[in-house]
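Visitor: okay, predicted coordinates and the sequence, questions at the end:
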Number of protein chains: 2
Amino acid sequence: MSDQVLRIIPLGGLGEIGKNMMAYEYGDDILIVDTGLMFPTSDMLGVDYIIPDFQYLYDKAHRVRGIVYTHGHEDHTGAVRHVLERIPVPMYATPLTKGLLQIKIRGDRNLKNLPIHEVRPGDTVRIGPFKVEFIHVTHSIPDSVALAITTPAGLVVHTGDYKFDHTPIDGKPTDFAALAALSRRPGGVLALLADSTNADKPGWTPSEQVITPALEAAMREAPGRVLVATFASLISRMQQVADVAARLGRKLAFVGTSMVENAKMARKLGYLQVPDEVLVPLEQALKLPPEEVVLMVTGSQGEPSSILGRLAGVGGARGRRPFSVQEGDTIIISAHPIPGNTENVYRTINSLIRKGAHVLYDPIARVHVSGHASQEEMKLMLNLVRPKHFIPIHGELRHLDQHSRMAQQLGIPKERIAVVENGQVIEFRRGKMRLAERVPGGWVFVEGAVVGESSIREIKERQALARGGLLLVTVPVDPATGKLAGDVDVVTRGFVYPEGADEFTAVLRKRIKKALKGATGDLEKALEQTVKNFVYGELRRRPQIFVTVKDVARNGPASGGNGAAPRRATKGG
Amino acid sequence: MSDQVLRIIPLGGLGEIGKNMMAYEYGDDILIVDTGLMFPTSDMLGVDYIIPDFQYLYDKAHRVRGIVYTHGHEDHTGAVRHVLERIPVPMYATPLTKGLLQIKIRGDRNLKNLPIHEVRPGDTVRIGPFKVEFIHVTHSIPDSVALAITTPAGLVVHTGDYKFDHTPIDGKPTDFAALAALSRRPGGVLALLADSTNADKPGWTPSEQVITPALEAAMREAPGRVLVATFASLISRMQQVADVAARLGRKLAFVGTSMVENAKMARKLGYLQVPDEVLVPLEQALKLPPEEVVLMVTGSQGEPSSILGRLAGVGGARGRRPFSVQEGDTIIISAHPIPGNTENVYRTINSLIRKGAHVLYDPIARVHVSGHASQEEMKLMLNLVRPKHFIPIHGELRHLDQHSRMAQQLGIPKERIAVVENGQVIEFRRGKMRLAERVPGGWVFVEGAVVGESSIREIKERQALARGGLLLVTVPVDPATGKLAGDVDVVTRGFVYPEGADEFTAVLRKRIKKALKGATGDLEKALEQTVKNFVYGELRRRPQIFVTVKDVARNGPASGGNGAAPRRATKGG
């Protein structure tokens, strides 16, 4: 064991769900594990997605030796382009994960030629001072791996996402032997970093296999078309749906860009087996009798721009509908709502029912199970790996806390457990763990082409706007006299006037007139305060208020010369 | 059976959770059942609560004979003041419900003297042409009743909220005999309206009793203070906590206005038994050794102004904290998140953990069970009452749909089931059901002192503001030349400028200058389009944009004379 320090820097996925990214630093060398993104909760209006704040690495890009991926889901890969733009380094991934990464970066000239080294479970790769072994684990996507990272400071095990599925769809259970053997190595396991997502779920997560009978029953009973919505990267689910479709003599079409691309790639690499005669393009599927068709679509989270979102037409749905929901359709939501999406998902379901569809979702039918370990599996992982130190990862603080309590029940002393959130650096020196400094570890919002910087403030400002609405008041003033010189113009957005709006505006005008008399200093600021006091006094409401003073010559508004029509007070804009 | 028509008018609680209100209309007479409110989902920023849209009744107030209450929870009583203000009629309620209603209206001079007739399970009351029988059912509050409403058109059974709890906290199980006897009456039961809240939950909802051991274990193991958060109207839970506290020798204090008032009233009426020596005021509790104290607090939904919300300090918490969370506190959330509150609740839990508390909630510990029937109980209700027609109520459309499917499995033909949403009038004539016209059945938002009218539009406007943020541009123009006459002033809210904001503003200025040249018609509107195109072209973002043109004399800004300081472009306001 060396005297140098191993530093673990959590940049994402600690104290929150998704957006997983971690850096391991030893001496001058840094290794990144995963580059995930996260979907916004419903109060983060306008945000497309959230990526890790990795500014800690900005000036250390030359020291980063590579990025290792545990599996191909969005919450572990989705920010790859953002990270590579600043840190163009080689990647290491199993074949399916590599394929999914290639789809993400192939459109980018600068990135698409960066090497993605293909690794397989059982392989060992040297990346700087890190020796990384890839150990097969089960999750809801094939080709998932845990990492055994040997550093001069000791052996660290990083589980990635996992569940102990004894009957996985691809027939390959977790490599228990490889996991268990780690604890027998000289020096044992210095630290375990393990998935905490389901730390509040008692028992054992059911196998992916339990979904097949539910899917089959639903498709058998469906009088017409069947639509199955799930994540585009849930390759195992694609396989299950394809198998059932083939068995029941239905044709299968994939719908939605990411769904089509991922399916194509997974088939090419041999991770998805669909006979040619079962697969049809959407156009052909739509011409077949409904009872002979299954469509696999995007939108299991009710995203407005997904296929299901467009079909439901709720919450600002964007994009053309490729077809319509019809009476007799059976729609299966084969996913659980990600925290923050719950209302969106249920709103989508209600809208689809309103359009005549029969909608099946867990718990109405067992058409989805979690891909993450439950409490008893977490305990098994702890007892297989037998780490000296424990760092719960992947989960909100409440999950990390609960995972820590389980580890304590299993005999790991509290002082050897680090329950921390993003940005809290953890150091290992001579086999001892300590909390080091904090580095930036927040959220970076991506909206359109803008990657936010100090974005939390913008979101707070937006929430203030959305809570109170907006009141724009334009006050014409005669510059010669400083007196009101015309109608006060009021525009509102998201702020409803009370009954009797005209009367309200009249009184407001009087107050402004009065305020103008004694006004000194910043006139607009003073009038804003006047309006603010008036609105709160009358309505107990606090909209955002902006006052603009317009100079108007004695004989009517000078701006008339510009052809600007005066805008009148409007009720609700 | 008469030839006249019985009309059922759902004003709330159909196609949504909460805000329950229903009107029964026969000839000239109208009977209201419940007047509930609903809490906003997290994307309804600024809304305090939502009440039923009962404008159908505005011009029929003189025909309303009374309001009958099924039980005392907020989602069935909370809008009482709003309804009574327009429809001042007598109320009918069981003693505990009456007590909770009195607390709501006692501050209102005009309403507090309206009669609330006390009824007891087994009673029958004539209200106009309606004969209403009250049948005891179990729910998570004592004194809950189902209603058997005999009308000249037939007998209608309205369950209210219920579960079939065989071991309820107050020892009084559902009056199965009374429910079952209804089906034997001559003519049987014309229609059943039954609670659908848990229609997607298989099996049978556990008894409230299962919570006691979990509460007891948690309090026994707690090293310090115990805080239990729940709904202020969950009187049964108060009893359970009080019983456990007494058993373990802890003193109990109620914290939060509604919690204190409801507990006081329930004790006075005999629905809550707490020995005098167990109950202490908060001030005294805070002076006791922590391990001798239990505090029952409001805020199980993470509401910012509740006690728990203030302790957690998240999401715009308002109001003074009566005390602080301390290391060693055990906090029990004895409630499930209402849909729409999920993120709020988990954010609150995470924040409390961050402050050093141990937080217990379902499923980590069984400290809450639903108060509503699950699927097997719903089937039992259907088979007990054996209605000719079935109208699932209380639930989102997906719950109503699922409840309808169960009823069909039990043999009720689809055409005798009405799955409808608020505002869809249902008529019964000569024993036959048909859907009649639609009446207003939307949401009415209450914010501060304003009861909204066309509020959905305001919320949409706010969401647009919140999605894109706000860009206010003030353009100084020389009225003589129509040319730009100074700096373009940009103010933003919730809209972040890209890196290089100055450059961005400079380019924007150029575009505006150019646009001014060819401008005709409404100058401000034209410039708004210019700015809109520029921002979307550069940033792919769509903030709300407002342009104000200011007339400025050739020699500097004329508004200088008013003392208005020019506001500079700011990054993020």
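Guide: Arrived safely. Numbers count the residues shown, from 1 in each chain, chains lettered A, B, ... in the order given.

Visitor: you'd agree A:Leu508 is up against A:Asn533?
Guide: No - with contact defined as CB atoms under 8 Å, A:Leu508 does not reach A:Asn533; the gap is 10.9 Å. C-beta coordinates here come from the backbone N, C-alpha and C atoms, glycine included.

Visitor: neighbour count: those two, which is higher?
Guide: A:Leu508 (20 against 12; other CB atoms under 10 Å in any protein chain shown).

Visitor: doesn't the more buried one lie inside a helix?
Guide: Yes - using DSSP: H, G, I helix; E, B strand; the rest coil, the secondary structure at A:Leu508 is a helix.

Visitor: how long is stretch A:77-95 from one end to the other?
Guide: Taking CA to CA, to the nearest Å, the first and last residues of stretch A:77-95 lie 14 Å apart.

Visitor: thought A:Asp200 was touching B:Leu360?
Guide: No - counting by CB under 8 Å, A:Asp200 does not reach B:Leu360; the two are 10.2 Å apart.

Visitor: tell me which of those two has more neighbours.
Guide: B:Leu360 (24 against 20).

Visitor: show me the contacts for that one.
Guide: B:Ala218, B:Thr330, B:Ile331, B:Ile332, B:Ile333, B:Val367 (CB atoms under 8 Å, 6 or more residues apart in numbering or on different chains).

Visitor: among these, which are located in strands?
Guide: Counting by DSSP state E, the contacts of B:Leu360 place B:Thr330, B:Ile331, B:Ile332, B:Ile333 in strands.

Visitor: report how many residues lie close to the closest residue in space to A:His166 that isn't next to it in sequence.
Guide: Distance criterion CB to CB, 6 or more residues apart in numbering or on different chains; nearest residue to A:His166, sequence neighbours excluded, is A:Pro173 at 5.6 Å. A:Pro173 has 15 neighbours, counted by other CB under 10 Å.

Visitor: ok, now A:Glu85?
Guide: Neighbour number of A:Glu85 under other CB under 10 Å is 12.

Visitor: what average pLDDT does the helix or strand containing it get?
Guide: Assigned by DSSP states H and E, A:Glu85 falls within helix A:80-86. What helix A:80-86 shows for mean pLDDT is 96.

Visitor: ok, now stretch A:402-413?
Guide: 98.

Visitor: before we move on, what about stretch A:40-56?
Guide: Averaged over stretch A:40-56, pLDDT sits at 83.

Visitor: alpha carbons only: can I get that stretch in CSV?
Guide: Provided in CSV are the C-alpha atoms of stretch A:40-56 (Å, rounded to 0.1, in the frame of the first residue of the first chain):
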residue,chain,number,x,y,z
PRO,A,40,-35.7,17.7,-14.6
THR,A,41,-38.5,17.5,-12.0
SER,A,42,-41.7,19.2,-12.9
ASP,A,43,-40.9,22.4,-11.1
MET,A,44,-37.7,22.9,-13.2
LEU,A,45,-39.8,24.4,-16.0
GLY,A,46,-37.9,24.9,-19.3
VAL,A,47,-35.0,22.7,-18.4
ASP,A,48,-34.3,20.0,-21.1
TYR,A,49,-32.0,17.9,-18.9
ILE,A,50,-29.3,18.2,-16.2
ILE,A,51,-25.7,17.2,-16.5
PRO,A,52,-23.1,16.9,-13.7
ASP,A,53,-21.1,19.9,-12.7
PHE,A,54,-17.6,18.7,-13.5
GLN,A,55,-15.8,22.1,-13.3
TYR,A,56,-13.4,20.4,-10.8
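
Visitor: go through it and flag the buried ones.
Guide: A:40-47, A:49-54, A:56 (16 or more other CB atoms under 10 Å in any protein chain shown).

Visitor: ok, stretch A:147-164 next?
Guide: Applying a neighbour-count criterion of 16+ other CB under 10 Å, one finds A:147-151, A:153-164 buried in stretch A:147-164.

Visitor: spell out which residues of the stretch 301-450 of chain A are next to chain B.
Guide: A:316, A:339-340, A:342-343, A:346, A:349-350, A:353-354, A:358-359, A:361, A:363-364, A:396-398, A:401-402, A:447-450 (CB under 8 Å from any CB of the partner chain).

Visitor: next, the closest residue to A:Thr124 other than its chain neighbours: secondary structure please.
Guide: Residue nearest to A:Thr124 in three dimensions, not counting chain neighbours: A:Glu133, with 4.8 Å by CB to CB, 6+ apart. The three-state label given to A:Glu133 by three-state DSSP is strand.

Visitor: now do the phi/psi pair for A:Thr77.
Guide: phi -130, psi -20 (degrees, to the nearest 10).

Visitor: tell me the confidence at it?
Guide: 97.

Visitor: same check, this time on A:Gly561
Guide: 35.

Visitor: ok, A:Ala501 next?
Guide: A:Ala501 is given a pLDDT of 69.

Visitor: my guess is the residue nearest to A:Thr124 meets A:Val156, correct?
Guide: No - A:Glu133 lies out of contact with A:Val156 (CB under 8 Å); the separation is 11.0 Å.

Visitor: so what sits against both of those two?
Guide: Shared contacts of A:Glu133 and A:Val156, counting by CB under 8 Å, 6+ apart, come down to A:Ala148, A:Ile149.

Visitor: show me what contacts whatever residue of the stretch 301-450 of chain A ends up closest to chain B?
Guide: Across the stretch 301-450 of chain A, the shortest distance to chain B (CB to the nearest CB) belongs to A:Gly448, at 3.1 Å. The contact partners of A:Gly448, by CB under 8 Å, 6+ apart, come to A:Asp48, B:Leu539, B:Arg540, B:Arg541.

Visitor: widest-spaced pair of those residues?
Guide: The most widely separated members of the contacts of A:Gly448, counting by CB to CB, are A:Asp48 and B:Leu539 (12.4 Å).

Visitor: number of nearby residues for A:Val244?
Guide: A:Val244, neighbours per other CB under 10 Å, totals 24.

Visitor: so it is in which element?
Guide: Applying DSSP H and E, one finds A:Val244 within helix A:235-248.

Visitor: tell me which other helices or strands the helix or strand that comes right after that helix touches.
Guide: Note on helix A:235-248: by DSSP H and E, the next helix or strand toward the C-terminus is strand A:251-255. Strand A:251-255 is packed against helix A:235-248, helix A:282-287, strand A:293-297, with contacts defined by 3 or more CB pairs under 8 Å, 6 or more residues apart in numbering or on different chains; DSSP states H and E.

Visitor: alpha carbons only: can I get strand A:251-255 in PDB?
Guide: Extracted C-alpha coordinates of strand A:251-255, given in PDB (Å, rounded to 0.1, in the frame of the first residue of the first chain):
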ATOM      1  CA  LYS A 251     -45.800  -7.900 -36.100                       C
ATOM      2  CA  LEU A 252     -43.500  -5.500 -34.200                       C
ATOM      3  CA  ALA A 253     -42.500  -2.000 -35.200                       C
ATOM      4  CA  PHE A 254     -40.200   0.300 -33.300                       C
ATOM      5  CA  VAL A 255     -41.300   4.000 -33.200                       C
END
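
Visitor: report the angle between that strand and strand A:293-297.
Guide: 20 degrees (axes from the mean of the first three to the mean of the last three CA atoms, to 10 degrees).
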